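Colleague: Model the structure of this input:
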Amino acid sequence: KMSTTKTIKYPSGLCINRTFDDSSETWAIDNQALSIAEFTLDIGNSSNCTLDNAPGETTQTVVVPSQQQNDEIHITKTLPWSFSARFSLSETPLSLEEQKKALDQFKVEWNEKVEASEKIFKKIPYEVLTQQQIADEMVKLGQNNFIDPHFPPRDTSLYNVVEDQYPFNFVIHWRRPHEFMDNPVVFEDDIDPNDIRQGSLGDCWFLSALSSLAERPAMVRRLFVTQKYNKEGIYQIRMCKNGEWVIVTVDDYIPCRYKGGPMFSRGAGNELWVMLVEKAYAKLHGSYQALSAGFTKHAMVDLSGC
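Modeller: Numbering: from 1, shown residues only. Have a look, this model is predicted:
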């Protein structure tokens, strides 16, 4: 028998795999998220199809703990059959303490890299260097990828750690684009306002301005000193702050779900431009959380200069 597998991936790290042929189906849930997943499959509109592990029923629910898999939903099809299914998927986050434990293995590596970056760029004014000059300095010192010591992959870039409590339900896993998408690019074909997707950050005011700007793609492109993806992860973006155009240098560490995709805004497919503009704007304001409230007209001035 020839079987076919179709996969649905969620940014959180959840994955649904449906494997089927002419006589059977298996639905498997792979939960790499830091949450407990509850999956319900409803085949009530099918005919001559039965749930092997729920005889006589038309729905089956499985609960999948974090970092585990479940493939207990098996369906037998008897000729002449027709198959139609609906499903629901919900997540209950683990406690923040449990989530933080899962990230401990990565934090040691991040801290070592950030400290190395701080030593390298402590005496080098990288904010006024070109992308190529920064890359050249990294080669001299044996560094593979750029980490911005002024806006590093740490909690200090997420929120004001001195005055505020941790503002999110999920811990942040800082990841580089090639770790969560295939063949990343800064721009893919045309720039479209509909490409902008808001995430778990309340910065709709900023994204509204960015969406308006995207009606004129050339105005978005002119923000990017760095127009192409680079493996060093060095990006320079123009912004108009307090009436003066400045160049903001950022690395390509993006706030993500644990082993998943971007937590905050993202573009369509494998485009980086939305994430990079948001990161540069967050750096200008001191943290991502600082973007959680604002006025669209102010963001428009910062992005357009007028």
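Colleague: Could I get the full set of strands for the protein?
Modeller: For the chain, the strands defined by DSSP state E occupy 4-9, 14-20, 24-31, 35-42, 47-51, 59-64, 68-82, 86-93, 173-175, 235-241, 244-250, 254-256.
Colleague: Of those strands, which stretch is the most buried?
Modeller: Counting by mean count of other Cβ atoms under 10 Å, strand 254-256 has the highest mean neighbour count of those, with a mean of 25. In this view, the C-beta of every residue, glycine as well, is placed from N, C-alpha and C.
Colleague: Could you count how many residues lie near P153?
Modeller: 24 (other Cβ atoms under 10 Å).
Colleague: OK, contacts around the nearest residue to T50 once chain neighbours are set aside?
Modeller: Spatial nearest neighbour of T50, excluding adjacent residues (Cβ to Cβ, 6 or more residues apart in numbering): T76 at 5.2 Å. Counting by Cβ atoms under 8 Å, 6 or more residues apart in numbering, T76 touches S23, S24, C49, T50, D52.
Colleague: If you drop the residues flanking it in sequence, what lies closest to the first one?
Modeller: Nearest residue to S23, sequence neighbours excluded (Cβ to Cβ, 6+ apart): K77, at 5.4 Å.
Colleague: I'd guessed the one you found sits against D22; true?
Modeller: Yes - in this structure K77 lies within contact range of D22 using Cβ atoms under 8 Å: 7.0 Å.
Colleague: So which residue is smack in the middle of the chain?
Modeller: With distances taken as Cα atoms, centre = their mean, P262 lies nearest the centre of the chain, 0.9 Å away.
Colleague: does that one have beta-bridge partners, and which?
Modeller: Note on P262: beta-bridge partners by DSSP bridges are C256.
Colleague: what sits against it?
Modeller: Neighbours of P262 in contact, by Cβ under 8 Å, 6+ apart: P11, F180, G199, I254, P255, C256, M275.
Colleague: contacting residues for E215?
Modeller: P193.
Colleague: for this protein, what helix or strand is lowest in average pLDDT?
Modeller: helix 96-121 (a mean of 86; mean pLDDT, DSSP states H and E).
Colleague: Could you list every helix and strand in contact with that helix?
Modeller: helix 131-140, strand 173-175 (3 or more Cβ pairs under 8 Å, 6 or more residues apart in numbering; DSSP states H and E).
Colleague: Check the average confidence over the shortest one, would you?
Modeller: Per-residue pLDDT over strand 173-175 has a mean of 93.
Colleague: so how far is that strand off the chain centroid?
Modeller: Relative to the chain's own centre, strand 173-175 is displaced by 8 Å; criterion: Cα atoms, centre = their mean, to the nearest Å.
Colleague: for stretch 172-191, same thing?
Modeller: Distance, centroid of stretch 172-191 to centroid of chain: 9 Å (Cα atoms, centre = their mean).
Colleague: got the end-to-end distance for it?
Modeller: 28 Å (Cα to Cα, to the nearest Å).
Colleague: Could you list the buried residues of it?
Modeller: 172-177, 180-181, 184-188, 191 (16 or more other Cβ atoms under 10 Å).
Colleague: Distance to Q68 added to these, as TSV?
Modeller: As requested, the buried residues of stretch 172-191 are exported to TSV (distance: Cβ to Cβ, whole Å):
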residue	distance to Q68
I172	22
H173	18
W174	24
R175	22
R176	26
P177	28
F180	21
M181	25
P184	29
V185	34
V186	37
F187	39
E188	35
I191	41
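Colleague: List just the nearest of those residues to E98.
Modeller: H173 (14.1 Å; Cβ to Cβ).
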